[in-house]
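[1] structure of the sequence below:
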Amino acid sequence: MYAGSLLVVGANDMATAHHELAAQRAVDLSEGLAPSDVTVISNCCVWWRCEGGYTW
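    Sure, this is the predicted structure:
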């Protein structure tokens, strides 16, 4: 299902579309935005945390 830039949870949110990548989101540093709160084409700036614990 194509929804453009509209958020459709369970279809085009980051948690659904790219769950492996979404697991690396540093939600605590990303203004409270969870991976299910943004689309895969969002322009939101967020923090990431790798398995080693580094953030960028």
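[2] distance of T55 from A17?
    Counting by CB to CB, to the nearest Å, the separation of T55 from A17 is 22 Å. Just so you know, the C-beta spots here come from the backbone N, C-alpha and C atoms, and that holds for glycine as well.
[3] when the two are compared, which one has more neighbours?
    Between T55 and A17, counting by other CB atoms under 10 Å, A17 is the more crowded of the two (15 against 11).
[4] excluding covalently adjacent residues, which one is nearest to the more buried one?
    V40 (4.8 Å; CB to CB, 6 or more residues apart in numbering).
[5] relative to V46, how far out is that neighbour?
    Distance check for V40 against V46: by CB to CB, it reads 12 Å.
[6] what are the ranges of the helices in the protein?
    Listed in chain order, the helices of the chain (DSSP state H) span 14-17, 19-22.
[7] picking that back up, what are the phi and psi angles of the residue nearest to A17?
    Phi and psi for V40, reported as degrees, to the nearest 10, are phi -70, psi -20.
[8] contacting residues for it?
    V40 makes contact with 12-14, 17-18, according to CB atoms under 8 Å, 6 or more residues apart in numbering.
[9] and if you look at M14?
    By CB under 8 Å, 6+ apart, the contact list for M14 reads 21-22, 25, 35-36, 38-40, 42.
[10] and those, which are buried?
    Buried members of these, scored by 16 or more other CB atoms under 10 Å, are 22, 25, 35, 38-40.
[11] closest one of those residues to S5?
    Using CB to CB, T39 is the member of the buried ones among the contacts of M14 that sits closest to S5, with 6.2 Å.
[12] might you report the residue contacts of the closest one?
    Contacts for T39 were tallied using CB under 8 Å, 6+ apart; they are 3, 5-7, 12-14.
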